[in-house]
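Show me the folded form of this:
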Amino acid sequence: MWKTVLSIILPTAFCLAPALADETVFDPDYQTCVREVDANPETGRFYALRWMSDGGGDPAVYCAALADLAMNLPRLAGGRLQLLAEKNRNRDPYLSARLYAQSAQAWVAGEEDDRALAAIEQATRMAPASEEVKLLAAPVYAEAGRWGLVKRSLDEAERDTTLNAAALVLRGRAKMELADPEGAARDLQKALNLEPDNIDGLILRGELAQTGYAIDPYTAR
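Below is the predicted model of the structure:
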């Protein structure tokens with residue numbers, strides 16, 4: 001259920017916000033590869049794989065992971081991203097954490113929940129204070145039914161950023177699962193103030209209504 005949240009809890013979360021260094025992101029070869037993937041995932045993936053075989057290094061592997069996702073091959077993407085994360089553990093812990101978190105997203109999409117949990121736990125260890133990692137961790141934990149960790153991740157992220165509607169709905173769901181309908185209603189109220197037509201929010205609204213918490217998304221402002 002929460003796989004879709006991965007694409008909206010951060011503005012660019014599942015379209016893999018580049019976790020590589022700035023010099024890589026603006027490298028002409030990397031930009032060309034990304035354009036190829038955007039224009040045609042199949043030919044873009046062929047381009048990325050050829051670039052890898054020609055010694056393109058980490059940028060080529062990262063672009064190949066993008067292409068894997070575009071071609072609905074999330075397990076291959078998860079493996080590539082995790083290898084990049086492991087390669088960068090000592091070189092750049094924060095970069096490694098972002099790559100682990102993104103590999104967790106891919107593992108979730110590939111229904112490899114155990115691998116996703118292992119990857120997100122590595123990400124958290126590598127960058128325990130990272131707001132981005134916490135936001136990406138929440139839907140991974142949700143997919144595994146780890147609702148206490150969902151709530152904790154989003155609580156901690158909220159100390160450094162304003163949660164968007166998707167994140168508020170997800171935390172509301174966590175509170176509902178943790179037998180706190182009042183807390184769930186508060187988060188849902190905020191979420192529907194921001195996005196009255198949020199589908200997951202409207203589903204949660206219906207469940208809350210059955211427990212006596214009525215929320216009108218169109219007058220909640």
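
May I have the residues that are in contact with the nearest residue to Leu136 once chain neighbours are set aside?
Leaving aside its chain neighbours, Leu136 sits nearest to Ala101 (4.2 Å; criterion: C-beta to C-beta, 6 or more residues apart in numbering). C-betas here are computed from N, CA, C, even on glycine. Counting by C-beta atoms under 8 Å, 6 or more residues apart in numbering, Ala101 touches 119-120, 123, 132-133, 136-137.

can you list these in JSON lines and add secondary structure and pLDDT?
Formatted as JSON lines, the contacts of Ala101 follow (DSSP: H, G, I helix; E, B strand; the rest coil; pLDDT from 0 to 100):
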{"residue": "Ala119", "secondary structure": "helix", "pLDDT": "96"}
{"residue": "Ile120", "secondary structure": "helix", "pLDDT": "95"}
{"residue": "Ala123", "secondary structure": "helix", "pLDDT": "95"}
{"residue": "Glu132", "secondary structure": "helix", "pLDDT": "87"}
{"residue": "Val133", "secondary structure": "helix", "pLDDT": "91"}
{"residue": "Leu136", "secondary structure": "helix", "pLDDT": "89"}
{"residue": "Ala137", "secondary structure": "helix", "pLDDT": "92"}
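
if you skip the residues just before and after it, what's nearest to Ala123?
The spatially closest residue to Ala123, leaving aside those adjacent along the chain, is Tyr100, at 3.7 Å (C-beta to C-beta, 6+ apart).

hang on, isn't the one you found packed against Gln122?
Yes - using C-beta atoms under 8 Å, Tyr100 makes contact with Gln122 at a distance of 4.6 Å.
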